[in-house]
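> what follows is a predicted structure for the sequence shown.
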Amino acid sequence: MSQPKTTLRPTHDVYVVDGEGDKAFWTKIGAAWQHPDGDGLNMTLHAVPLNGRIVIRSAKATETRNRKGRS
């Protein structure tokens, strides 16, 4: 069985978010790669949160937010 081709750069960033709205604190805890068929993700986590919620954002959305001065 051949291995599916994956990109070296993650397609998504994984965060734990604590709080709501403008007072939310985002901490990047990993990365994710979209499956070639678009029906799922593989994730690598560097931490597992005990509270808060896990949010997966496209890497493009994260780059856009960072350029606007938001984390």
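Alright, I've got the coordinates.
> switch to C-alpha atoms for all contacts and neighbour counts from now on
OK.
> what number of residues lie near the nearest residue to residue 48 once chain neighbours are set aside?
Spatial nearest neighbour of residue 48, chain neighbours left out: residue 29 (7.6 Å); criterion: CA to CA, 6 or more residues apart in numbering. Neighbourhood size, residue 29 [other CA atoms under 10 Å]: 17.
> tell me the pLDDT at residue 29?
If you check residue 29, the pLDDT there is 97.
> please apply the same query to residue 11.
Reported pLDDT for residue 11: 94.
> what's the spacing between it and residue 47?
With distances taken as CA to CA, to the nearest Å, residue 11 is found 19 Å from residue 47.
> of these two, which one has the most company?
It is residue 11, of residue 11 and residue 47, that has more neighbours when counted by other CA under 10 Å, with 17 against 12.
> is the residue nearest to the more buried one when sequence neighbours are not counted part of a helix or strand, or is it coil?
Leaving aside its chain neighbours, residue 11 sits nearest to residue 33 (5.0 Å; criterion: CA to CA, 6+ apart). For residue 33, the assignment made with DSSP: H, G, I helix; E, B strand; the rest coil gives strand.
> ok, residue 25 - contacts?
17-19 (CA atoms under 8 Å, 6 or more residues apart in numbering).
> please apply the same query to residue 12.
31-34, 56-60.
> swap in residue 53?
Applying CA under 8 Å, 6+ apart, the residues near residue 53 are 16-18.
> whatever helix or strand residue 17 lives in pairs with which strands?
Assessed by DSSP states H and E, residue 17 sits inside strand 12-18. Paired strands of strand 12-18, with direction, are strand 25-34 (antiparallel), strand 53-58 (antiparallel) (DSSP bridges).
> thanks again, I'm all set now.
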